[in-house]
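Asks: Provided below for reference: sequence and predicted model.
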Amino acid sequence: MSIKRKPNLSATIALLPTWFVAVVVFIGTMAWSIRLSFTNSTLFPSSTYVGLAQYSKLFSSAKWLASLQNVLIFGVLYVAGCLLLGFFLAAALDRKIRFESAFRTIFLYPYAMSFVVTGLIWQWMLNPTLGIQASVRSLGWESFVLDWVVNRDMAIYALVLAGVWQGAGLVMVIALAGMRGIEAEQWKAARIDGIPVWRIYVSIILPQLGPALAAAGMLLAMGVIKTYDIVVAMTNGGPGNATEVPAKFIMDNLFGRQNLGLATAGATVLVLGVIIAVAPFRYIMHMRDRAKGAA
């Protein structure tokens, strides 16, 4: 019995610094931020409690409400676009095409870039005076218009386009790994039955990729909540508030307006958003594990 306890004690001692960092740095700073959201802190922290005044001010701000609407539109289209495009790319590569490794690298390469680089690339391409519009018009098509980054109605979709271009590669890799793990006998049986290839992917392959795609969707959704870099690089929240997002609102109030209380209130709302995004997935996985254990 003593021999078994020694490794456990050693492992516990070895993990103490990690637990200290997790509790103090992550949970401690989170609790501190939540506490500040109930104070009238400005440039420096304050101990004067104001109840829910900061949250009332937050949700009475037109800019904050616009940022929530924008991040919802961006999140739904971004996650759906990445999942669809990533699945189609994985299905194409799963057909054992020539130069598969080269195509896989090309499709995955955008994901290796930071959102700042992605934003700058697409900001240039969609710039009406320098990018695609200017190039096409120089060829003689004077009526061609592609001014999404300066168009209030289309700017948010420009962000979606850039985000999908970067994030689809992640879904492709996850989906392709899942496809390669499916038994070859299923393909043989489907071919014997004369089922079309597209129907095999939709009716047989796709349902088996549910957990993998759900994990990819959760990763993408968590990235949506903290979207900041690509917005600053492409549009800086404009035109007007057309591409304002919660993370940018928080950073502007924290460093630009020195309103610590309002910024931490927004950060607390974002933390709740992360919990809401992750909790259903974790619950489903927990219930699935319990069902497997009971079986």
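Replies: Sure, I can see it. Numbering: from 1, shown residues only.

Asks: nearest residue to residue 190 in space, please, no chain neighbours.
Replies: Spatial nearest neighbour of residue 190, chain neighbours left out: residue 200 (4.8 Å); criterion: C-beta to C-beta, 6 or more residues apart in numbering. C-beta: built from backbone N, CA, C; applies to glycine.

Asks: quick one: the one you found and residue 188 touch, right?
Replies: No - contact criterion C-beta atoms under 8 Å: residue 200 and residue 188 do not qualify, at 11.1 Å.

Asks: out of these two, which sits in the more crowded spot?
Replies: Neighbour tally, residue 200 and residue 188, criterion other C-beta atoms under 10 Å: the higher count belongs to residue 200, 18 against 10.

Asks: from residue 179, how far off is the more buried one?
Replies: 11 Å (C-beta to C-beta, to the nearest Å).

Asks: joint contacts of those two?
Replies: Here residue 200 and residue 179 share no contacting residue, scored by C-beta atoms under 8 Å, 6 or more residues apart in numbering.

Asks: sketch out the low-pLDDT regions of the stretch 51-200 of the chain for me.
Replies: For the stretch 51-200 of the chain, no stretch is flagged by pLDDT under 70.

Asks: can you map out the helices along it?
Replies: 53-59, 62-93, 100-112, 115-125, 132-138, 155-180, 184-192, 197-200 (DSSP state H, counting those that start in this stretch).

Asks: and among those, the most buried is which?
Replies: helix 155-180 (a mean of 22; mean count of other C-beta atoms under 10 Å).

Asks: would you mind getting the angle between it and helix 100-112?
Replies: Angle, helix 155-180 to helix 100-112, by axes from the mean of the first three to the mean of the last three C-alpha atoms, to 10 degrees: 140 degrees.

Asks: check contacts around residue 191.
Replies: By C-beta under 8 Å, 6+ apart, the contact set of residue 191 is empty.

Asks: okay, now residue 221: neighbour count?
Replies: Applying other C-beta under 10 Å, we find 19 residues neighbouring residue 221.

Asks: and the gap between it and residue 83?
Replies: 11 Å.

Asks: repeat for residue 258
Replies: Separation of residue 258 from residue 83 (C-beta to C-beta): 40 Å.

Asks: kindly report the same for residue 238.
Replies: Separation of residue 238 from residue 83 (C-beta to C-beta) stands at 29 Å.

Asks: same deal with residue 97?
Replies: Distance of residue 97 to residue 83, given as C-beta to C-beta: 22 Å.

Asks: quick one: buried residues of the helix or strand where residue 282 lies?
Replies: Here residue 282 sits within helix 260-294, counting by DSSP states H and E. Neighbour counts over helix 260-294 (16 or more other C-beta atoms under 10 Å) mark 260-270, 273, 277, 281 as buried.

Asks: what's that helix packed up against?
Replies: If you count contacts as 3 or more C-beta pairs under 8 Å, 6 or more residues apart in numbering; DSSP states H and E, helix 260-294 packs onto helix 29-36, helix 53-59, helix 210-225, helix 246-251.

Asks: check contacts around residue 146.
Replies: Neighbouring residues of residue 146 by C-beta under 8 Å, 6+ apart: 126, 128, 131, 132, 133, 136.

Asks: shouldn't the last one be in contact with residue 144?
Replies: So that's residue 136. Yes - using C-beta under 8 Å, residue 136 is in contact with residue 144, at 4.4 Å.
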